[in-house]
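Enquirer: test case, fold it:
(one chain, ligands or ions: 3)
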Amino acid sequence: MSPSSFSLADLRSIYETSFFELIRRSHDVHQASWSTHDVQLCTLLSIKTGGCSEDCAYCTQSARYKTELDIEPLMKCEEVLPRAHQAKENGAARFCMGTAWRGVKSGDAKFQEVLKTVREVSKLGMEVCVTLGLLGDEEARQLKEAGVTAYNHNIDTSPEYYPNIISTRTFQDRLDTIGAVQRAGMSVCCGGIIGMGESITDRLRMLEVLSQLDPLPESVPINCLVPMPGTPLADQPPVDIFEFVRLIATTRIVLPKARVRLSAGRDQLTREGQALCFFAGANSIHYGEKLLTAGNPESDRDRELLEELGLLTKN
Ligand code: SAM
Ligand code: DTB
Ligand code: SF4
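Expert: Ligands and ions are numbered 1, 2, ... in the order given. Below is the predicted model:
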């Protein structure tokens, strides 16, 4: 068990601290490990969109649901490169490429194309992250060798709530993929989604599992469900801002050295709500007009907000 693991009881007592006491504490934890100006901008690109075999109930890219999404095949290296250049020019320090499929297999032509893309993108000097679904040791080794610095693979929710959300791969499948990423020496980017009908206990159980990973995750994306029309979760109500800030603060306290990333659903937050999240310890955002398929705040608005709060990353 990793030294920083927290029990569910510890997590509950942190989470239930009075609101201002909680964010004061998480702010102190944040300041002890991070510079205030260090908010990382991470730009996403969906390099293979829609038509996915999996049944993740939140996802517009699953082939099982009738959604409005246009399916797009795997982008070639030459198509991705200008987008990566653009992200860098706009100030992104990290570029993350995602594919809508179950996973990757060594030797497959599509995986070879992704490796080629990674080799080229990694020359630009940004951190290179990919999220390609399930993989094993050999695939992880090849990605690391090609220049991937971090692999995003979320546990999404608690082990107990997980079967309500996905049936085509198990919670253990996810942990196995994370294990392969760790053995290959890539950083683990692993978080989840809130607002899928789970309880506060489920959210804290998710943090408990994250705090037991060894090595610990280098980054933790906290997504608020974007209720996509046509998916089983299309009618879920929005997440309460104070529950969201509490979870960010608890994540910061439990994982002091991880980048806590505001991910999907940020365009539903007010400027004030985001400011509270940054105060509580969030120190990265997905940056750029689009996430993978869903909308995101405009880059100019994000830069204005970060400047206003005195947080803009100095490149
Ligand atoms: N297909 C790959 C996989 O699932 O491993 C990679 C891409 S997948 C879209 C990456 C993550 O985005 C998911 O694990 C989930 O946490 C998040 N995500 C997807 N759709 C979302 C939505 N509608 N709202 C919030 N988060 C979402
Ligand atoms: C993560 O946890 N959030 C990002 C990133 N990892 C790949 C993806 C969010 C996707 C939101 C829904 C969409 O754009 O389709
Ligand atoms: Fe496919 Fe990933 Fe969407 Fe699940 S989250 S349906 S694996 S693209």
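
Enquirer: how about Ser187, what does it touch?
Expert: For Ser187, the contact set (Cβ atoms under 8 Å, 6 or more residues apart in numbering) comprises Thr149, Ala150, Tyr151, Pro217, Glu218, Ser219. To be clear about C-beta, it is placed using only N, CA and C from the backbone, and glycine gets the same treatment.

Enquirer: residues from the stretch 51-200 of the chain in reach of ligand 2?
Expert: Thr60, Cys96, Gly98, Thr131, Asn152, Asn154, Gly191 (Cβ under 6 Å from any ligand atom).

Enquirer: which members of those additionally contact ligand 1?
Expert: Within these, those near ligand 1 by Cβ under 6 Å from any ligand atom are Gly98, Thr131, Asn154.

Enquirer: ok so, going back, strands - which of the residues of the stretch 51-200 of the chain next to ligand 2 land there?
Expert: Cys96, Gly98, Thr131, Asn152 (DSSP state E).

Enquirer: returning to that earlier point: same list (the contacts of Ser187) but as JSON lines, adding pLDDT, distance to ligand 3 and secondary structure.
Expert: Formatted as JSON lines, those follow (pLDDT from 0 to 100; distance: Cβ to the nearest ligand atom, whole Å; DSSP: H, G, I helix; E, B strand; the rest coil):
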{"residue": "Thr149", "pLDDT": "98", "distance to ligand 3": "21", "secondary structure": "coil"}
{"residue": "Ala150", "pLDDT": "98", "distance to ligand 3": "17", "secondary structure": "strand"}
{"residue": "Tyr151", "pLDDT": "98", "distance to ligand 3": "14", "secondary structure": "strand"}
{"residue": "Pro217", "pLDDT": "98", "distance to ligand 3": "18", "secondary structure": "coil"}
{"residue": "Glu218", "pLDDT": "98", "distance to ligand 3": "21", "secondary structure": "coil"}
{"residue": "Ser219", "pLDDT": "98", "distance to ligand 3": "18", "secondary structure": "strand"}
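
Enquirer: from the residues you listed, pick the one nearest ligand 2.
Expert: Distance to ligand 2, by Cβ to the nearest ligand atom, is smallest for Ser219 among the contacts of Ser187, at 9.2 Å.

Enquirer: these two touch, right, the closest one and Ala150?
Expert: Yes. Between Ser219 and Ala150 there is a contact under Cβ atoms under 8 Å: 6.6 Å.

Enquirer: circling back to that earlier point, if you rank the ones in strands among the residues of the stretch 51-200 of the chain next to ligand 2 by neighbours, which is first?
Expert: Cys96 (27 neighbours; other Cβ atoms under 10 Å).
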